[in-house]
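Trainee: Just to be clear, the model below is a prediction. Sequence and coordinates:
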Amino acid sequence: MEQLLRPAALAGAVAWAIAVPLVATQAADDPVAGRYDEANRLVTAALVPLAFAAWAFRERLGERLARIPLGATTWAIGLTLMLAGSAVEFWGAWIAGESGTAEADRAGVEAWQGSNLGFALFVMGAFVAAGGALAAGIRLAPLVGRTIGLAVPAAGLAMVAGTLLWSASVTAAAAAALAAAMAWLAIAWAAPAAGAV
């Protein structure tokens, strides 16, 4: 698991930088455009390697984890909740042959029953991940260097910003997604060199 931190972070960063702007192009309209659920399924796909990378990062911290009370673990749990929420809301609806809440409102049909649960998990996970990333970054900086100390919270906060902005502005959501991707790339590049992994 630990050896896959770098490829997982790289794959997730690229997928996130693509998926979030695609969702934003669909969410910018009110009601949402017709491919909103499909675009969100790409977000789920991006969250798979990112959640894995966060758990791998936590695993490789080893003894240093004791000095970061709950930060890295909370970050990984938050990303896992985001993944679960996105999967429930968008993949669950697709498997059930129904629409998620936003797309159901657009089409004037009833939404899949699991959509609200999925949305709640995703939002809760986003804020848990951001808080965990911020806490981990603050405590990590003196242990493994400033790059990781800045990149971990930047990844967490930029991911939340991208999801909050995707219904407001395609440009702002894309900028936040790119910032998150760059932070993940910094984590993938700097963590091994800093001795964190």
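Mentor: Received, thanks.
Trainee: Stretch 164-177: how far from the chain's middle?
Mentor: 14 Å (Cα atoms, centre = their mean, to the nearest Å).
Trainee: again with stretch 48-57
Mentor: The chain centroid and the centroid of stretch 48-57 are separated by 10 Å under Cα atoms, centre = their mean.
Trainee: again with stretch 14-25
Mentor: On Cα atoms, centre = their mean, the centre of stretch 14-25 falls 11 Å from that of its chain.
Trainee: swap in stretch 95-107?
Mentor: In terms of Cα atoms, centre = their mean, the gap separating the centre of stretch 95-107 from the centre of its chain is 22 Å.
Trainee: Now do residue 112 against residue 177, distance only.
Mentor: Computed as Cβ to Cβ, to the nearest Å, the residue 112 to residue 177 distance reads 26 Å. All C-beta spots, glycine's among them, are computed from the backbone N, C-alpha and C.
Trainee: what ranges do the helices span in the protein?
Mentor: Assigned by DSSP state H, the helices in the chain fall at 5-27, 36-61, 71-86, 92-96, 101-107, 115-144, 146-165, 170-193.
Trainee: what about stretch 22-42, average pLDDT?
Mentor: The average pLDDT for stretch 22-42 rounds to 85.
Trainee: Residue 112 and residue 177: which has the busier surroundings?
Mentor: residue 177 (29 against 25; other Cβ atoms under 10 Å).
Trainee: Report the helix or strand with the lowest average pLDDT across this structure.
Mentor: Every helix and strand of the chain was ranked by mean pLDDT, DSSP states H and E. The lowest is helix 101-107, at a mean of 78.
Trainee: Alpha carbons only: can I get it in PDB?
Mentor: The C-alpha coordinates for helix 101-107 follow below in PDB (Å, rounded to 0.1, in the frame of the first residue of the first chain):
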ATOM      1  CA  THR A 101     -31.400  14.900  -6.600                       C
ATOM      2  CA  ALA A 102     -30.100  17.800  -8.800                       C
ATOM      3  CA  GLU A 103     -30.700  16.000 -12.100                       C
ATOM      4  CA  ALA A 104     -34.100  14.700 -10.900                       C
ATOM      5  CA  ASP A 105     -35.100  18.300 -10.100                       C
ATOM      6  CA  ARG A 106     -34.000  19.300 -13.700                       C
ATOM      7  CA  ALA A 107     -36.000  16.500 -15.200                       C
END
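Trainee: List the buried residues in it.
Mentor: For helix 101-107, burial by neighbour count (16 or more other Cβ atoms under 10 Å) applies to 101-106.
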